[in-house]
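Okay, predicted coordinates and the sequence, questions at the end:
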Amino acid sequence: MVLLSRITTKTGDRGTTALGDGRRLRKDHPRIEATGAVDELNAVLGLAIASDPSSDSAALLRGVQNDLFDLGADLTLPPGRGAARRRAPLRLTAAHVHPIEEAIERANAALTPLRTFVLPGGSAAAAWLHLARTVCRRAERRLVTLSRREDLNAQAIVYLNRLSDLLFVLARRANRDGREDILWVPGRRLEGDGS
C-alpha cells in the first residue's frame with residue numbers, strides 16, 4: 001500500500017534519490033535515468049489519451065500506463081535486492097507483454113501495408129502517439145544502457161520494444177486507419193516543389 005502524505009521530503013536535495021531497497025543513487029545514475037524515461041513516457045501517454053479520450057484505444061493505453069508503473073516498481077528494486085522483503089518484488093513478465101502483442105495484431109489487421117515510412121503527425125491524437133513512441137524508444141535505450149552495467153529484468157526491454165510497435169500502429173489507427181498518414185517522400189524537397 002502506498003501512502004503519500006508529504007510530497008516535499010527534501011531527501012533529494014543533494015542530488016540523490018532512494019530505490020525500493022533503501023539504497024540512494026545519484027539522480028543521473030543509469031537506473032534513475034531509465035526510471036525517469038519510463039515516467040516521461042507515461043506522462044506523454046496521458047496526453048495522448050486526453051487528446052482523444054473516447055477513442056477505442058484509450059482503455060488499452062490506460063492499462064499500459066498501469067504497466068509502466070509496474071515497470072517503474074521493477075526498476076526501483078533491482079534483481080537480487082528484494083530477498084529480505086515480506087513479498088516478492090513486482091516484476092514485468094511475459095503476461096505483461098502478451099496483451100501488447102495481441103493488441104498490435106488486432107490494430108494492425110485493419111491497416112493497409114506501408115510502402116514507405118510514415119512521418120509523425122496527421123491528427124493530434126496520432127501526433128501524440130508518435131511522440132509517445134519516440135519517448136518509448138528512448139526509455140528502451142536507457143534500459144539497454146543500464147543492462148550493460150547492472151542486472152535488469154530482461155522482460156522490461158521486451159515490453160518497451162513491443163510497446164513502441166503498438167504505439168506506431170495506434171498512431172496509424174488514429175489517422176483514420178492510415179488513410180490520413182503523412183507519408184515520407186524521399187528527396188521531396190530536392191525535387192523543387194519546396195514544401
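Happy to help now that I have it. Residues are numbered from 1 along each chain as shown.

Every contact and neighbour count from this point should use C-alpha atoms.
Will do.

Which other helices and strands does the longest helix along the chain contact?
Secondary structure of the chain per DSSP state H: the longest helix is helix 124-149. Secondary structure elements in contact with helix 124-149, counted by 3 or more C-alpha pairs under 8 Å, 6 or more residues apart in numbering; DSSP states H and E, are helix 30-51, helix 154-174.

Which one of these lies nearest to Arg133?
helix 154-174 (4.9 Å; C-alpha to C-alpha).

which is the next helix or strand following that closest one?
strand 182-183 (DSSP states H and E).

average pLDDT for that following strand?
The average pLDDT within strand 182-183 is 90.

circling back to that earlier point, let me have the helices and strands packed on helix 124-149 in CSV, extended by mean pLDDT and mean neighbour count.
Shown next, in CSV, are these (pLDDT from 0 to 100; neighbours: other C-alpha atoms under 10 Å):
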stretch, mean pLDDT, mean neighbour count
helix 30-51, 97, 20
helix 154-174, 97, 22
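
quick one: which of the ones you listed is nearest Leu143?
Between the helices and strands packed on helix 124-149, helix 30-51 lies closest to Leu143; by C-alpha to C-alpha that is 5.6 Å.

so where's the chain uncertain?
Along the chain, the parts satisfying pLDDT under 70 run over 1-13, 81-87, 191-195.

Spatially central residue for it, please.
Cys136 (3.8 Å; C-alpha atoms, centre = their mean).

was I right about that residue contacting Leu166?
No. Between Cys136 and Leu166 no contact is recorded; they are 10.5 Å apart, counting by C-alpha atoms under 8 Å.

returning to what we had before: the inter-axis angle of the longest helix of the chain versus helix 154-174?
160 degrees (axes from the mean of the first three to the mean of the last three C-alpha atoms, to 10 degrees).

Flag every buried residue along helix 124-149.
Judged by neighbour count using 16 or more other C-alpha atoms under 10 Å, the buried positions of helix 124-149 are 125-144, 146-147.

Could you do stretch 60-76 as well?
Under 16+ other C-alpha under 10 Å, the buried positions of stretch 60-76 are Leu61, Val64, Gln65, Asp67, Leu68, Asp70, Leu71, Gly72, Ala73, Asp74, Leu75, Thr76.

Mind checking which of the residues you listed are in strands?
Applying DSSP state E to the buried residues of stretch 60-76, no entry is found in strands.

With distance to Leu119 added, can I get those in TSV?
Listed next are the buried residues of stretch 60-76 as TSV, based on distance: C-alpha to C-alpha, whole Å:
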residue	distance to Leu119
Leu61	22
Val64	24
Gln65	25
Asp67	28
Leu68	26
Asp70	31
Leu71	29
Gly72	30
Ala73	34
Asp74	33
Leu75	32
Thr76	35
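
What is the most widely separated pair among the residues you listed?
The largest separation in those, counting by C-alpha to C-alpha, is between Leu61 and Thr76 at 22.6 Å.

circling back to that earlier point, quick one: the helices and strands packed on helix 124-149 as TSV, columns for distance to Leu114 too.
Below are those laid out as TSV (distance: least, C-alpha to C-alpha, whole Å):
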stretch	distance to Leu114
helix 30-51	23
helix 154-174	10
